[in-house]
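**Student:** What would the 3D arrangement of this be:
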Amino acid sequence: MQRARRTGLALASLVAVSLAAPSAASAHAVSGIDYRFPLPIWLFALAAGVAVLASAPAAMFAVRSEKTWTGRDFYGSIRRLRLGTIGLVIFTAALLDALFGGLFGPEDFFENPVTIVVWVDFWVGLGILTALVGNAWDFVSPLSAAGRALERALATRGASVVRYPERLGLWPATALVLLWSWMELVWDPAKKPLTLSVIMLAYIALQLVAMAVFGTEVWLARGELFTVVARTFARFAPVELYVRRPAGPCRADRCIEEERIGCPSCWLDAAPEERAMRLRTYGSGVRREPPLGVGGGTFVLALLATVVYDGFSQTQKYVDWESWFIDRSNWLALHVTTLDTMLMVAVVAAFSLAFLLVVTVVSRLEGRPVADAARRYAPTLIPIAAVYFVSHYFLYLIYAGQFTWAAVADPLGREWVPDATPWTGVPGALVWYVQVALIVWGHVVAVFEAHRVSLGLQVSARSAVLAQAPLILLMVGYTFTGLWVLGQVLAAP
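**Tutor:** The predicted structure follows:
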């Protein structure tokens with residue numbers, strides 16, 4: 001697979017250019033066409049900011065209540081396909097193959113199955129699928145299936161679980177998403193197959209122990225990173241899970257809706273004839289599903305900020321920022337990983353502080369506690385986090401995902417299958433337009449959903465817009481930030 005290795009190294013820069021500097025995007029890198037976007041980035045950012053700002057009065061006139069459209073149940077038409085079972089078998093086989101290859105296979109990122117399956121297919125691919133379609137992870141996750149099987153085995157032996165401390169909320173998942181992002185963006189050894197395999201084995205063991213202690217469904221909703229990310233992005237997605245007539249309590253201890261909307265645990269516990277799926281408008285799940293819980297807002301902000309940091313860290317502006325600190329500290333010059341860690345934490349802290357300041361103002365306008373305003377409005381940032389994730393990673397998935405078959409079919413790198421020859425003909429202009437459209441769309445959806453949340457407290461649509469005005473300005477700021485990052489020049493390799 002020497003060709004795959006050379007292609008991977010050459011095109012890694014292509015992916016980064018297309019994501020971080022779309023004004024000179026992949027059309028130039030692939031076909032030799034010097035594609036340059038004819039308008040400056042600030043003009044696009046200004047237009048996008050105005051569009052997001054204008055969506056607030058549009059929401060005032062277009063939205064009159066908290067209710068939203070939902071379609072009819074279609075689960076009966078796909079039930080016989082057994083998609084969950086098929087997906088579980090495929091992903092379990094892929095995970096076992098990936099771990100085997102990671103322990104004994106080649107060192108190259110694009111040739112080893114564990115790096116491709118974990119970083120590309122599980123993390124990026126399922127994240128994008130969940131945001132744009134619906135939650136698939138709960139039904140194809142080998143870890144979730146193993147945890148549920150372990151719970152059944154322990155139950156037959158009379159084992160009891162420890163009550164999960166409510167004050168912990170989603171803080172375990174928040175800590176894990178920061179650690180996972182740090183490994184992805186800062187700590188280079190995490191991209192080494194052997195290291196990643198050891199990390200994944202330790203992670204699986206830790207998760208199974210936590211499920212045994214606190215109960216599988218309770219822990220999946222609060223501490224299993226991939227599950228919490230999937231359920232968070234699924235609030236933006238158009239496919240909604242619900243249970244017609246719940247027969248028992250919610251084992252995840254999170255539902256408040258009689259239909260148990262958006263609770264995979266309740267959906268799996270229900271009889272097949274009581275399970276249902278339907279379509280809904282994008283973003284409406286941020287209101288229709290149970291509250292995020294303690295620490296949920298910080299989790300969303302961490303997910304959003306780390307993706308923005310990822311894009312920013314590939315730019316020349318970031319290199320200049322690094323150099324400013326290194327020139328003033330010999331210690332930082334010798335500990336660049338520590339510096340990058342501090343910068344990542346600073347970006348997350350800045351996003352969190354901006355949201356905290358905004359909800360403080362909103363709470364005073366509404367005459368309610370700050371914690372209450374943060375709890376109600378934090379989910380409205382999920383559409384923004386989802387579209388940032390999709391816009392930042394979709395080209396990477398198109399490119400790197402093409403290595404999956406060769407890596408999985410040949411986990412030991414023995415040339416059992418032909419070399420991977422990925423297609424790289426995505427036009428640069430298309431990448432740029434898709435990214436801009438996704439970011440603006442997500443922000444507009446967030447504004448509309450924030451307006452619906454505000455309508456639940458205000459006596460009129462006008463007062464609802466006025467009360468959420470600081471939040472709208474924050475979303476405009478996020479729009480400028482995202483497009484500014486996309487428009488930066490990629491750092492020289």
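
**Student:** Now tell me which helix or strand of the protein has the poorest mean pLDDT.
**Tutor:** None of the helices or strands of the chain scores lower by mean pLDDT, DSSP states H and E than helix 26-31, at a mean of 31.

**Student:** so how many other residues sit close to residue 203?
**Tutor:** Counted with other C-beta atoms under 10 Å, the neighbours of residue 203 add up to 18. Placement of C-beta: from N, CA and C, glycine included.

**Student:** what kind of secondary structure is it in?
**Tutor:** helix (DSSP: H, G, I helix; E, B strand; the rest coil).

**Student:** What score does it have for pLDDT?
**Tutor:** On pLDDT, residue 203 comes in at 97.

**Student:** helix/strand/coil for residue 301?
**Tutor:** In three-state terms, and counting by three-state DSSP, residue 301 is helix.

**Student:** Would you confirm that it contacts residue 352?
**Tutor:** Yes - Residue 301 is within contact range of residue 352, at 4.9 Å (criterion: C-beta atoms under 8 Å).

**Student:** Of the two, which one has the most company?
**Tutor:** Between residue 301 and residue 352, counting by other C-beta under 10 Å, residue 301 is the more crowded of the two (24 against 17).

**Student:** for the more buried one, what are its contacts?
**Tutor:** Shown in contact with residue 301 (C-beta atoms under 8 Å, 6 or more residues apart in numbering): 348, 351, 352, 355, 378, 381.

**Student:** Farthest-apart pair in the residues you listed, please.
**Tutor:** The span of the contacts of residue 301, defined through C-beta to C-beta, is set by 348 and 378 at 14.5 Å.

**Student:** Can you point out the buried residues in the longest helix seen in the chain?
**Tutor:** Longest helix in the chain by number of residues (criterion: DSSP state H): helix 336-366. For helix 336-366, the neighbour count (16 or more other C-beta atoms under 10 Å) marks 339-340, 343-344, 347-348, 351-352, 354-355, 358-359, 361-363, 365-366 as buried.

**Student:** Stretch 152-170 now?
**Tutor:** 154, 161, 164, 169, 170.

**Student:** Endpoint to endpoint, that stretch covers what distance?
**Tutor:** Terminal residues of stretch 152-170 are spaced 24 Å apart (C-alpha to C-alpha, to the nearest Å).

**Student:** I would like the residues contacting that stretch, please.
**Tutor:** 212-215, 218-219, 222, 228, 253, 292-296, 298-299.

**Student:** same thing but 10 Å
**Tutor:** 150-151, 171-172, 176-177, 210-216, 218-219, 221-223, 228, 232, 253, 292-300 (C-beta atoms under 10 Å, 6 or more residues apart in numbering).

**Student:** of these, buried ones?
**Tutor:** For these, buried by 16+ other C-beta under 10 Å: 150-151, 171-172, 176-177, 210-212, 214-216, 218-219, 221-223, 228, 232, 253, 292-300.

**Student:** Restrict stretch 255-268 to CA atoms and write it as PDB.
**Tutor:** C-alpha atoms of stretch 255-268 as PDB (Å, rounded to 0.1, in the frame of the first residue of the first chain):
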ATOM      1  CA  CYS A 255     -37.600  11.500  30.300                       C
ATOM      2  CA  ILE A 256     -40.300  14.000  31.100                       C
ATOM      3  CA  GLU A 257     -42.500  13.500  28.000                       C
ATOM      4  CA  GLU A 258     -45.300  11.000  28.000                       C
ATOM      5  CA  GLU A 259     -44.300   9.800  24.600                       C
ATOM      6  CA  ARG A 260     -40.600   9.400  25.700                       C
ATOM      7  CA  ILE A 261     -39.400  11.500  22.700                       C
ATOM      8  CA  GLY A 262     -35.700  11.100  21.900                       C
ATOM      9  CA  CYS A 263     -34.900   8.400  24.500                       C
ATOM     10  CA  PRO A 264     -33.200   5.400  22.800                       C
ATOM     11  CA  SER A 265     -33.300   3.500  26.100                       C
ATOM     12  CA  CYS A 266     -37.100   3.800  26.400                       C
ATOM     13  CA  TRP A 267     -37.400   3.000  22.700                       C
ATOM     14  CA  LEU A 268     -35.400  -0.200  23.000                       C
END
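
**Student:** Tell me the buried residues in it?
**Tutor:** Residues 255, 257, 259, 260, 261, 262, 263, 264, 265, 266, 267, 268 are the ones in stretch 255-268 that count as buried (16+ other C-beta under 10 Å).

**Student:** Count residues in the vicinity of residue 181, would you?
**Tutor:** Counted by other C-beta under 10 Å, the residues lying close to residue 181 total 19.

**Student:** For it, identify the helix or strand it belongs to.
**Tutor:** Per DSSP states H and E, residue 181 falls inside helix 171-185.

**Student:** pLDDT below threshold where in the stretch 201-350 of the chain?
**Tutor:** The model of the stretch 201-350 of the chain has pLDDT under 70 over residues 256-259.

**Student:** Just the pLDDT at the closest residue to residue 139 other than its chain neighbours, thanks.
**Tutor:** Take residue 139 and drop its neighbours on the chain: the residue closest to it by C-beta to C-beta, 6 or more residues apart in numbering is residue 84, 3.7 Å away. As predicted, residue 84 sits at a pLDDT of 91.

**Student:** Check the one 4 residues further on too.
**Tutor:** pLDDT, the model's per-residue confidence, is 95 for residue 88.

**Student:** Show the subsequent helix or strand relative to the helix or strand hosting it.
**Tutor:** Using DSSP H and E, residue 88 maps to helix 83-104. The helix or strand immediately downstream of helix 83-104 is helix 113-115, counting by DSSP H and E.

**Student:** where along the stretch 151-300 of the chain do the strands fall?
**Tutor:** Under the criterion DSSP state E, counting those that start in this stretch, strands of the stretch 151-300 of the chain are mapped to 239-243, 275-279.

**Student:** Run the angle between the first one and strand 275-279 for me.
**Tutor:** Counting by axes from the mean of the first three to the mean of the last three C-alpha atoms, to 10 degrees, strand 239-243 points 150 degrees away from the direction of strand 275-279.
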